[in-house]
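Novice: prediction below, plus the sequence it came from.
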There are 2 protein chains.
Amino acid sequence: MSRNLLLISTSTTHGTGYLEHAEQQVKTLLEGKKSILFIPYARPGGTSHKDYTAKAREAFEKWGISVSGVHEYDDPVKAVKEAEAVFIGGGNTFVLLRQLYQNKLVEPLRERVQKGMPYMGTSAGTNVAGRTIGTTNDMPIVHVKTFDALQLVPFNINPHFQDPDPNSTHMGETRDTRIAEFHNHNRQPVIGLREGSMLRVQGDRMTLMGPHSARVFLQSEKPMEFKPSDDLNFLLEVYEA
Amino acid sequence: MSRNLLLISTSTTHGTGYLEHAEQQVKTLLEGKKSILFIPYARPGGTSHKDYTAKAREAFEKWGISVSGVHEYDDPVKAVKEAEAVFIGGGNTFVLLRQLYQNKLVEPLRERVQKGMPYMGTSAGTNVAGRTIGTTNDMPIVHVKTFDALQLVPFNINPHFQDPDPNSTHMGETRDTRIAEFHNHNRQPVIGLREGSMLRVQGDRMTLMGPHSARVFLQSEKPMEFKPSDDLNFLLEVYEA
């Protein structure tokens, strides 16, 4: 297992530009690589594959990495098989996962990642790296035949994790309540990544990066807070079973 | 078409008890009825069918209406066919819709409602009255074979509708953005019901009730605000087509 992943909660934190807050970690992930394959399927705000890829290209080119969009290839499977690295951007998780299945990219992505190809995701692209998309915040605007995701890690991820607002009069469920409900039907751990947080996975080691702690939810246990210096490797264990 | 519906955004507004804010409208809906069948499948916070039904029972008994839970019957289809009225409570929309399909209640509910049986829903129970559950705010904690809902009305509903917080630094999508993304893939109108709002549908007439305006989203158009006194009947038109 030579996984090499960077799973980022959000592409853009308040007051910084696209991917800026993760620049150092992206550069480390892609050390020695000259290109990355961008998968724009999540289409944030309905933006086109072309426009979304242009946005990613602008960011990576500053760092000396060329970007191609997977939609530019006649054979997207071949594009994944030959990529130096892959980046899946954020948007709608259901739209993204449906397109990954329609274009038969789920298995090829898993295989390449297991053999060490660097993978990075933001938001929906981080969500689909988990076991299922069952902890996405997105609206189910299209139907997907299964919620099983890429399973690059054996747990679920909740990006854009938000703490409850103590002043809110809103009666909708808090994120903690929603994840507790998830655990009435699912066993795998869930990690809530606050904005600015990211997970770096190298083989069987995992590190939390960024300024915040992360909230870890295990079935039938109280939520726990983990700081960036804490050991999170236990969350990777099921994968090897 | 003799629909008789009360679609409530939330069971409990800030500072009021369960169903209290809708008491008058519930009493009007159920005028002349002595009992209601409660469908507790959405299980808010994972609460049991039994406990959830007890909560509903407590509220309705004060108003002289007896409550039975659909789970108390060996044959839930028969229970729906013989009910004087039906109430579907809130919780998780995916869990709810899955159970409705598993117990084959979707068609019987449609048929009874079309023939005039009073129907009320709160939150998830309001969501499933719409065309699909594609505008739920809930996490997809279980998979459902289709997002098609009861289709008691021909549009989609977004309960617990929230306006963006102008002071927020959170980078997740606003509700408006999510619904705009929905309209990249779906044609039907969406109505955002703020907490305390409800829709009263009688045949081909629909009225917004409660203290707030509602936000209506039509494909390719700017969102519009409708006050309780405004005409919303146009949203029912597709149903008859």
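Specialist: Arrived safely, thanks for sending.
Novice: break down chain A into its helices, ranges please.
Specialist: A:23-29, A:49-61, A:76-82, A:93-102, A:106-114, A:124-127, A:175-182, A:237-240 (DSSP state H).
Novice: out of the ones you listed, which is closest to A:Ser9?
Specialist: Nearest of these to A:Ser9, taken as C-beta to C-beta: helix A:124-127 at 6.6 Å. Using the backbone N, CA and C atoms, a C-beta is placed for each residue, glycine as well.
Novice: one step back: ok, which of the helices of chain A comes nearest B:Gln24?
Specialist: B:Gln24 lies closest, by C-beta to C-beta, to one member of these: helix A:175-182, at 29.3 Å.
Novice: so is stretch A:207-225 next to chain B?
Specialist: No. Using C-beta under 8 Å from any C-beta of the partner chain, stretch A:207-225 never reaches chain B; the gap is at least 11.0 Å.
Novice: so what touches that stretch?
Specialist: Contact with stretch A:207-225 is made by A:9, A:21, A:25, A:161, A:176, A:179-180, A:182-183, A:186-187, A:189-200, A:226-228, A:230, A:232, A:235, as judged by C-beta atoms under 8 Å, 6 or more residues apart in numbering or on different chains.
Novice: near chain B too, which of these?
Specialist: A:Ile179, A:Ala180, A:Phe182, A:Asn186, A:Glu195.
Novice: what is the neighbour count of the last one?
Specialist: Read it as A:Glu195. 23 (other C-beta atoms under 10 Å in any protein chain shown).
Novice: touching, A:Val190 and A:Thr135? I think so.
Specialist: Yes. Using C-beta atoms under 8 Å, A:Val190 is in contact with A:Thr135, at 5.3 Å.
Novice: now the helices of chain A as CSV including mean neighbour count?
Specialist: Formatted as CSV, those follow (neighbours: other C-beta atoms under 10 Å in any protein chain shown):
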stretch, mean neighbour count
helix A:23-29, 16
helix A:49-61, 17
helix A:76-82, 17
helix A:93-102, 22
helix A:106-114, 17
helix A:124-127, 29
helix A:175-182, 21
helix A:237-240, 12
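Novice: figure out which of these is closest to B:Arg112.
Specialist: B:Arg112 sits nearest to helix A:175-182 of all the helices of chain A, at 28.8 Å, using C-beta to C-beta.
Novice: same for that closest one, what does it pack against?
Specialist: Packed against helix A:175-182, as judged by 3 or more C-beta pairs under 8 Å, 6 or more residues apart in numbering or on different chains; DSSP states H and E, are the following elements: strand A:156-161, strand A:190-194, strand A:214-217.
Novice: report the angle between that helix and helix B:93-102.
Specialist: 30 degrees (axes from the mean of the first three to the mean of the last three C-alpha atoms, to 10 degrees).
Novice: show the average pLDDT along helix A:175-182.
Specialist: Helix A:175-182 carries an average pLDDT of 93.
Novice: stretch A:6-16 now?
Specialist: 89.
Novice: repeat for stretch A:42-58
Specialist: If you average the pLDDT over stretch A:42-58, you get 95.
Novice: so where is chain A shaky, pLDDT-wise?
Specialist: The model of chain A has pLDDT under 70 over residues A:1, A:169-172, A:239-241.
Novice: end to end on stretch A:15-29, go ahead and measure it.
Specialist: For stretch A:15-29, the first and last residues are 24 Å from each other (C-alpha to C-alpha, to the nearest Å).
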